[in-house]
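Participant: the following block contains a protein sequence and its predicted model.
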Amino acid sequence: MLDFIYYPVSWIMWVWHKVFGFVLGDDNGFAWALSVVFLVFTLRVILYKPFVVQVRSMRKMQEMAPEMQKLRKKYANDRQKLATEMQKLQQQNGANPLMGCLPILVQIPVFIGLFHVLREFKPGKTENYVFNAAENASFVDSSLFGAKLGSAIFPLQNTASVEALGGNLVSQWIVMIPLMIAAGIFTHITARHSVARQQAQIAAGTVAANPQAEIMQKLMLYVFPIGVVVGAPFLPLAVLFYWVANNLWTLGQQYVVYRKIDAEESDKAEKATESAKARAPRPGQKPLRDVRRGSAEDVREIADEPIQPAEEEAAEAASEARATGSDGASAGTGATPDGQRNGTARNGNGNGSGNGNGQKKPGAKPVQKRPGAKARRGKRR
């Protein structure tokens, strides 16, 4: 029924047994034990990228926890709307709850497949999936310090006993007890590493506290390791090698991946701080109001431009007037709407006299231009 799992698992184990059997010998117990260990490593290498996606997805889900709690309160009586809003929130933040469970979901069938393949190593069998009769006999005859890899201390149904495989029960206990303790310790250390990170995030305020998560953390820290130690005598010895190798790999992988992700987030935080400092006004500078838009936003382009005094505006107007006067002389009085102005407004040389020549009155303060205001050009009428 589950041959699509059993055959790939047995094939990977067969390949590694050929590799280590070439060096140590086909009947060597270490060759068979190493084939199980590297079966784990092969699987975890394949699942490395999904594991990174899992960590990122879990981090985003933790950051989204406060918003998700608000949605639960808001749509407590409308589950369909709640599911729609939850999905929308996850899409906006790029989070996928399924990716957080994918590596674990893949490892479960592999564990089941290995357990089944090891149970099928029995005296007199002609084949065990990809293993032929000679390889089956090699596994049965091999031992590790007198312990049989395919047997458990308390064998379950269809599992060969230690005596049936030609082993010794005392030797089986001597080899299995250290592995049982190691499996429990590494399971606890791996769980403690994950829990410590979650607690650090809660203390930093990046993740909201969750009572359900706290219960799960206690289960991971104490119940799971105890369960491994208690259940180990019912499992084949090779499965303990699988469990210890898997926890060691997980511990090292967590250290590498979490360190990499922390470095990336630290770089993003530094860039965000530098960008905020670059957009902030200089010391002593007040934000300017953009009168063209009527908003109170800080317009850096306008703030950086020098303010043009009134003298320069007047000089610019006078320069234009001289350029006009150079084409021909215009003598006499300058007409204004209120009446005639005495004196010569312009002469042929372009010299201006009177109050309309752009001269600043004594004691007058320079008038600053409003941001966005256009310079007034042209002749006075």
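Facilitator: Yep, it's here.

Participant: following element in sequence after the helix or strand Trp16 falls within, please.
Facilitator: Element membership of Trp16, judged by DSSP states H and E, is helix 3-24. Counting by DSSP H and E, the element after helix 3-24 in chain order, helix or strand, is helix 29-46.

Participant: send me the following helix or strand past that next one as PDB with only the CA atoms.
Facilitator: Sequence-wise, the next helix or strand beyond helix 29-46 is helix 48-63, with elements assigned using DSSP H and E. Presented in PDB, the C-alpha positions along helix 48-63 are these (Å, rounded to 0.1, in the frame of the first residue of the first chain):
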ATOM      1  CA  TYR A  48      16.900  22.300   3.600                       C
ATOM      2  CA  LYS A  49      15.200  24.900   1.400                       C
ATOM      3  CA  PRO A  50      11.700  24.000   2.600                       C
ATOM      4  CA  PHE A  51      13.100  24.300   6.200                       C
ATOM      5  CA  VAL A  52      14.300  27.900   5.500                       C
ATOM      6  CA  VAL A  53      10.900  28.700   4.000                       C
ATOM      7  CA  GLN A  54       9.300  27.100   7.100                       C
ATOM      8  CA  VAL A  55      11.300  29.300   9.500                       C
ATOM      9  CA  ARG A  56      10.500  32.500   7.500                       C
ATOM     10  CA  SER A  57       6.800  31.500   7.400                       C
ATOM     11  CA  MET A  58       6.700  30.800  11.100                       C
ATOM     12  CA  ARG A  59       8.400  34.100  11.800                       C
ATOM     13  CA  LYS A  60       5.800  36.000   9.700                       C
ATOM     14  CA  MET A  61       2.900  34.100  11.300                       C
ATOM     15  CA  GLN A  62       4.200  35.100  14.800                       C
ATOM     16  CA  GLU A  63       4.500  38.700  13.700                       C
END
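
Participant: counting contacts, what elements does helix 48-63 pack onto?
Facilitator: With contacts taken as 3 or more Cβ pairs under 8 Å, 6 or more residues apart in numbering; DSSP states H and E, helix 48-63 sits against helix 97-119, helix 237-279. Glycine gets a C-beta too; all of them are placed from N, C-alpha and C.

Participant: among those, which is nearest Phe41?
Facilitator: Closest of those to Phe41 is helix 237-279, at 6.4 Å (criterion: Cβ to Cβ).

Participant: how much does that closest one deviate in direction from helix 48-63?
Facilitator: 60 degrees (axes from the mean of the first three to the mean of the last three Cα atoms, to 10 degrees).

Participant: so what touches the helix holding Trp16?
Facilitator: 26, 28, 30-32, 34-36, 38-39, 42-43, 109-110, 112-114, 116-117, 128-131, 135 (Cβ atoms under 8 Å, 6 or more residues apart in numbering).

Participant: Leu169 is nearest to which of the helices and strands packed on helix 48-63?
Facilitator: Counting by Cβ to Cβ, Leu169 lies closest to helix 237-279 out of those; the figure is 12.2 Å.

Participant: and the angle for that closest one with helix 3-24?
Facilitator: Going by the same axes, to 10 degrees, helix 237-279 makes 100 degrees with helix 3-24.

Participant: just the mean pLDDT for helix 237-279, thanks.
Facilitator: Here helix 237-279 scores 85 as its mean pLDDT.

Participant: please apply the same query to stretch 168-175.
Facilitator: 91.

Participant: put the alpha carbons of it into CSV.
Facilitator: Output of stretch 168-175 as CSV, limited to C-alpha atoms (Å, rounded to 0.1, in the frame of the first residue of the first chain):
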residue,chain,number,x,y,z
ASN,A,168,22.3,-11.1,22.9
LEU,A,169,19.7,-9.3,25.1
VAL,A,170,22.4,-7.9,27.5
SER,A,171,24.4,-6.5,24.6
GLN,A,172,21.3,-5.0,23.1
TRP,A,173,20.6,-3.2,26.4
ILE,A,174,24.2,-2.0,26.7
VAL,A,175,24.1,-0.4,23.2
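
Participant: tell me which of the helices and strands packed on helix 48-63 is the most buried.
Facilitator: Using mean count of other Cβ atoms under 10 Å, the stretch among the helices and strands packed on helix 48-63 with the largest mean neighbour count is helix 97-119, at a mean of 17.
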